[in-house]
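> Fold the following and give me the result.
(one chain, ligands or ions: 1)
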Amino acid sequence: MTTTSSPISPSRTALVRRPSPRLAEGLVTHIERRPVDAALALRQWEDYVGVLEAHGWRTREVAPADDCPDGVFVEDTVVMFRNVALISRPGADSRKPETAAVEEAVTALGCSVNRVRGPGTLDGGDVLKTGDTVYVGCGGRTNGAGVAQLRSAFEPLGARVVAVPVTKVLHLKSAVTALPDGTVIGHPPLVDDSSLFPRFLPVPEESGAHVVDLGGGALLMAAGAPRSARLLAALGYTPVEVDISEFEKLEGCVTCLSVRLRGLYA
Ligand SMILES: NC(=O)NCCC[C@H](N)C(=O)O
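Now for the predicted structure:
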């Protein structure tokens, strides 16, 4: 009798959360408030989810949080490292109720679950992972106690947590994200100190600094950063553009609309 071991592969599951009918009331901190078109936002969100699915991601909707205007920015509510989910404690009080249903969703997916506890605060948008390095932005929504808890949760699993200041934008990932090869990209006027990153590539537009690695060299980016998209294409990547104008009016970017669970094996 022959036994075959079943192949295991990294998960391509991504959490998303549909926009609240109260989206237009979402928080605005560093930019001027502009009216949000909720119907257009919903279509843009559906397109964004469609792009994830077209690139092989199985999307899992977290239960809607209709009373939380910022609930669609699901990235801020949980940080994944391997199969461990660290449920955040958002720095803005109006966002704290967002985490309960996210915890239920990651538990149902089989993640081990940890939580940031007060007085710690941490927003997932402040956490940038590249390989085993976990950069965490401090200064806005994430405080020192939140960073300490991130270290306690993930360093035993092999993470190297590197804290960096963020003063010019809402979250670390509003300023920088990373290419699949680990190069950190950012629009220099918005980056506090690019010398903190071992390989840094400047991009010419603010939203050009935000990429979601879809796999296979494809990078999900916001429409409206054509020069950055060309630069990334010249490096051998395939930019896939989506219009997220209504979320940008609330300081959202492409990363914040999903959480990819790559460390689960299925
Ligand atoms: N990770 C992110 O970029 N999140 C965007 C959050 C925007 C929301 N209006 C907020 O201020 O919390």
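
> How about the residue in the stretch 51-200 of the chain that the ligand sits nearest to: what's its closest non-neighbour residue?
Nearest residue of the stretch 51-200 of the chain to the ligand (Cβ to the nearest ligand atom) works out as residue 125 at 2.4 Å. Every C-beta, even on glycine, is put in place using the N, C-alpha and C of the backbone. Nearest residue to residue 125, sequence neighbours excluded (Cβ to Cβ, 6 or more residues apart in numbering): residue 171, at 3.3 Å.

> Before we move on, what's the pLDDT of the residue nearest to residue 13 when sequence neighbours are not counted?
Distances taken as Cβ to Cβ, 6+ apart put residue 261 closest to residue 13, at 4.7 Å, once the chain neighbours are dropped. pLDDT, residue 261: 94.

> burial count for residue 261?
25 (other Cβ atoms under 10 Å).

> I figured it hits residue 111, correct?
Yes - between residue 261 and residue 111 there is a contact under Cβ atoms under 8 Å: 7.3 Å.

> Whether the longest helix seen in the chain contacts the ligand - can you check?
Longest helix in the chain by number of residues (criterion: DSSP state H): helix 38-54. No - judged by Cβ under 6 Å from any ligand atom, helix 38-54 makes no contact with the ligand; its nearest approach is 12.2 Å.

> Which strands or helices does that helix pack on?
When contacts are defined as 3 or more Cβ pairs under 8 Å, 6 or more residues apart in numbering; DSSP states H and E, helix 38-54 sits against strand 13-16, strand 58-61, strand 218-222, strand 238-242, helix 245-248.

> ok, back up a step: could you check the distance from the residue nearest to residue 125 over to residue 61?
23 Å (Cβ to Cβ, to the nearest Å).

> With residue 160 instead?
Taking Cβ to Cβ, one finds residue 160 at 33 Å from residue 61.
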